[in-house]
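Chemist: Just a sequence and a predicted model for now, questions to come.
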Amino acid sequence: METVAENRAFGGVQGVYSHASAETGTEMTFSVFVPPHQPGAKLPVLWYLSGLTCTHSNVTEKGEFRAACAERGIIFVAPDTSPRGEDVPDDDAYDFGKGAGFYVDAVQAPWAKTFRMRSYIENELPSLIGKHFPADMERQGITGHSMGGHGALTIALRNPGRFTSVSAFAPIVSPMNCPWGEKALSGYLGSNRDTWREYDACALIEDGARLPDLLVDQGTADNFLKDELKTGLLALACKKADIPAQIRMQDGYDHSYYFISTFMADHIGWHADRLKDGDEG
């Protein structure tokens, strides 16, 4: 792991790091905020998965999470959304290829070789975080925005017990039933829709996966709400499965980081309340 940059912030350190990924076969970059803490302490970790077109830098620069993380003693990890590099295949559209990995392990050519964001987020990067940072990997939460909300929900549903807390900002709740998702899943996975279900939060819940509880914020002025996000499908799935879910429709808010940053501290506090038991000192 190499240090790209480190800056003092709110008594802690905001860092950007890179490493050669075995999963993607490329150099991957991610950011980590480590709040002030006692020497030797182990801190809970909150993962934030970003949306279409984003890198680690969008939330790092616009998310306004550091003050809340410093106050509550939370490590904040922001990975990239896809592999990068000249040899990585791409598409001219913003919603496929680079910046649009959809947190899947692709099986279709030419994507299968490098587009392995599911395994990267579920396995490789957590090992790196546990090795190089004062992280208590027994206390993890996960959140994300849009495509990253889809990633957070599906990763948590597929890995029961790993994440103590799960939330999302304007998530794509059912990729099988929206244009973004149908394009991505068919392109990365092929035409057999049965193989898509493990990447669809509503389908996973229908198939028996569960979360201990859930927090979702969704803006009513989000121009992607009706056709792409379809928050009501998640509310219905949680209700049928008796999953305790706070799904808050926030009046007048759109899909941007103005929306995300407004409710970021609420989400961090919600996660912190569930991750608080430990030795952060």
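Modeler: Good, I have the coordinates.
Chemist: Name the residue most distant from the centre of this protein?
Modeler: residue 39 (28.6 Å; Cα atoms, centre = their mean).
Chemist: Need phi/psi at that residue.
Modeler: Here the main-chain torsion angles of residue 39 (degrees, to the nearest 10) amount to phi -60, psi 130.
Chemist: oh, and call the first residue 23 from now on, that's how I've got it
Modeler: Sure thing, new numbering starts at 23, so read that last one as residue 61.
Chemist: Report the separation between residue 118 and residue 112.
Modeler: Using Cβ to Cβ, to the nearest Å, residue 118 is found at 9 Å from residue 112. Bear in mind the C-beta positions are built from the backbone N, C-alpha and C, glycine included.
Chemist: So which of the two has more stuff around it?
Modeler: For residue 118 and residue 112, the more surrounded residue by other Cβ atoms under 10 Å is residue 118, and the numbers stand at 21 against 17.
Chemist: Flag every buried residue along the one helix or strand residue 295 maps to.
Modeler: Residue 295 belongs to helix 279-297 when assigned by DSSP states H and E. Neighbour-count burial for helix 279-297, with 16 or more other Cβ atoms under 10 Å as criterion, is recorded at 279, 281-282, 284-287, 289-290, 292-294, 296-297.
Chemist: to the chain's geometric centre, what's the distance from it?
Modeler: 13 Å (Cα atoms, centre = their mean, to the nearest Å).
Chemist: For it, give me every contacting residue.
Modeler: Helix 279-297 has contacts (Cβ atoms under 8 Å, 6 or more residues apart in numbering) with 66, 68, 80-81, 84-87, 89-91, 94-96, 98, 161-163, 165, 167, 186-187, 189, 191-192, 237, 239, 241, 244, 272, 275.
Chemist: Using ChimeraX, define a selection of the buried residues within those.
Modeler: Of the contacts of helix 279-297, the buried ones can be selected in ChimeraX as follows, counting by 16+ other Cβ under 10 Å:
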select :66,68,80,81,85,87,90,91,94,95,96,98,161,162,163,165,167,186,187,189,191,192,237,239,241,244,272,275
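Chemist: mind listing what residue 217 touches?
Modeler: 129, 211.
Chemist: The one 3 residues further on too?
Modeler: Applying Cβ under 8 Å, 6+ apart, we find residue 220 in contact with 176, 180, 226.
Chemist: Contacts only, for the closest residue to residue 223 other than its chain neighbours.
Modeler: Spatial nearest neighbour of residue 223, chain neighbours left out: residue 175 (3.9 Å); criterion: Cβ to Cβ, 6 or more residues apart in numbering. Taking Cβ under 8 Å, 6+ apart as the criterion, residue 175 is in contact with 166, 188, 190, 193, 195, 223, 226, 256.
Chemist: circling back to that earlier point, how much space separates the residue farthest from the centre of the chain from residue 113?
Modeler: In this view, residue 61 and residue 113 are 47 Å apart by Cβ to Cβ.
Chemist: got it, and residue 239?
Modeler: Counting by Cβ to Cβ - residue 239 and residue 113 are separated by 30 Å.
Chemist: Then residue 91?
Modeler: 35 Å.
Chemist: Show me where this protein has its strands.
Modeler: 24-31, 34-42, 49-56, 65-71, 97-100, 157-166, 185-191, 236-241, 267-272 (DSSP state E).
Chemist: gap between the residue nearest to residue 198 when sequence neighbours are not counted and residue 176?
Modeler: Spatially, and ignoring its direct neighbours in sequence, residue 198 is nearest to residue 222 (4.7 Å; Cβ to Cβ, 6+ apart). From residue 222 across to residue 176, the span is 7 Å (Cβ to Cβ).
Chemist: Could you do residue 206 as well?
Modeler: Distance, residue 206 to residue 176, by Cβ to Cβ: 12 Å.
Chemist: Run through the chain and note the low-pLDDT ranges.
Modeler: Along the chain, the model assigns pLDDT under 70 to residues 299-303.
Chemist: Point to the residue nearest the middle of it.
Modeler: Closest residue to the average C-alpha location of the chain: residue 71 at 2.3 Å, with Cα atoms, centre = their mean.
Chemist: these two touch, right, that one and residue 171?
Modeler: Yes: with contact taken as Cβ atoms under 8 Å, residue 71 and residue 171 are classed as touching, separated by 7.5 Å.
Chemist: and for the two, which residues touch both?
Modeler: Counting by Cβ under 8 Å, 6+ apart, the residues touching both residue 71 and residue 171 are residue 165.
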